[in-house]
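Mind looking at a prediction? Sequence and model below.
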Amino acid sequence: MISGNRKKEYNKGLITVATGEYNEFIPSMIKSAKEYFHCHFYIFTDKPEMYEHFSDITIVKIEHYGWPKMPLLRFELLHKNIDLFKESYLFLIDSEAIFEKPITQAILGYRVATLHRNITRLRDEFNYETRQESTAFVGKHEGEKYYACGFVGGQKREFKRMCKVISENIRTDINNGIRAIWGDESHLNRYLIDNRPDVVLPPNYMCPSTNSYFIPFIKHRDKQFKRVNKEDTKNYLIVNKEDYNL
């Protein structure tokens, strides 16, 4: 099911995927984005009824796949619905995000990426995927920066290409029974090594709520509900492709 309404014309589209408990973050995120970002919204959700009263929003009903399946399939969901997105600039944002300050047109570029908050780490400490079996693999002599997957975008043509390439690479990994160490973030970093961003945003554009170093433009809020334990490495890094059919 796809529904929506447009009361205004915007040059920016903001896309998020929110199912299950993640829906609780979206109303306040929409409110903050209306004040500080001025965009049309695209929400992929299992609870479309929560958002029918909002204006300038397109709703795509999806199943609740849960974590860690849902974030791994975000780019594939976007790629399968790519013709929905009409604005000149498109941005994917985590559902936990909330805008704290005005976002100016200066962030608009062909390919836009946000530095991870751990920018003080040495190159050897970056959390790249190091298994050569994965399409997200990054060699020891590759990569100068590590990017967060919480806020990424660019011009429509490039955004569509990014979704296509990353979704295909993730699907290749799934078919080979592999999940990259940090899911779609690992694949995004591989993509941005091969396709350098022309606009690099500082960590202010995806700050954790525990941040004490940066003045946040966009804050990444804490999740109080329990998730799968990422320390269960064996179960996290190996997937059954039959479980990942959309």
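Happy to help now that I have it. Numbers count the residues shown, from 1 in each chain.

what comes up buried for stretch 171-186?
Within stretch 171-186, the residues that count as buried by 16 or more other Cβ atoms under 10 Å are Arg171, Asp173, Ile174, Ile178, Arg179, Ala180, Ile181, Trp182, Gly183, Asp184, Glu185, Ser186. Placement of C-beta: from N, CA and C, glycine included.

Please save the CA atoms from that stretch in PDB.
The C-alpha coordinates for stretch 171-186 follow below in PDB (Å, rounded to 0.1, in the frame of the first residue of the first chain):
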ATOM      1  CA  ARG A 171      21.900  -9.200  -1.800                       C
ATOM      2  CA  THR A 172      25.100 -10.800  -3.100                       C
ATOM      3  CA  ASP A 173      26.400 -11.200   0.400                       C
ATOM      4  CA  ILE A 174      23.000 -12.600   1.600                       C
ATOM      5  CA  ASN A 175      23.000 -15.100  -1.200                       C
ATOM      6  CA  ASN A 176      26.500 -16.100   0.000                       C
ATOM      7  CA  GLY A 177      25.400 -16.400   3.600                       C
ATOM      8  CA  ILE A 178      27.300 -13.300   4.800                       C
ATOM      9  CA  ARG A 179      26.300 -10.300   6.700                       C
ATOM     10  CA  ALA A 180      28.900  -7.400   6.800                       C
ATOM     11  CA  ILE A 181      30.100  -6.500  10.300                       C
ATOM     12  CA  TRP A 182      28.000  -3.300  10.500                       C
ATOM     13  CA  GLY A 183      25.400  -4.200   7.900                       C
ATOM     14  CA  ASP A 184      24.400  -1.500   5.500                       C
ATOM     15  CA  GLU A 185      26.900   0.900   7.100                       C
ATOM     16  CA  SER A 186      29.700  -1.400   6.000                       C
END
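
partner strands of the lengthiest strand in the chain, parallel or antiparallel?
Counting by DSSP state E, the longest strand found in the chain is strand 147-155. If you go by DSSP bridges, strand 147-155 pairs up with strand 89-93 (antiparallel), strand 111-115 (antiparallel).

And the next helix or strand past that strand?
Per DSSP states H and E, the first helix or strand lying C-terminal to strand 147-155 is helix 156-175.

per-residue pLDDT, the closest residue to Ser95 other than its chain neighbours?
Among residues not flanking Ser95 along the chain, Ala18 sits closest, at 3.9 Å (Cβ to Cβ, 6 or more residues apart in numbering). Predicted confidence (pLDDT) for Ala18: 95.

give the contact list for Ala18.
Residues near Ala18 by Cβ atoms under 8 Å, 6 or more residues apart in numbering: Phe25, Ile26, Ile43, Phe44, Thr45, Ser95.

Could you check how far it is from Lys145?
According to Cβ to Cβ, to the nearest Å, Ala18 and Lys145 sit 28 Å apart.

Could you list the low-confidence segments of the chain?
Within the chain, the segments meeting pLDDT under 70 span 1, 119-120, 211-212, 224-235.

helices and strands around the helix or strand Ile26 falls within, which ones?
Taking DSSP H and E as the definition, Ile26 sits inside helix 26-36. Counting by 3 or more Cβ pairs under 8 Å, 6 or more residues apart in numbering; DSSP states H and E, the packing neighbours recorded for helix 26-36 are strand 12-18, strand 40-45, strand 97-99.
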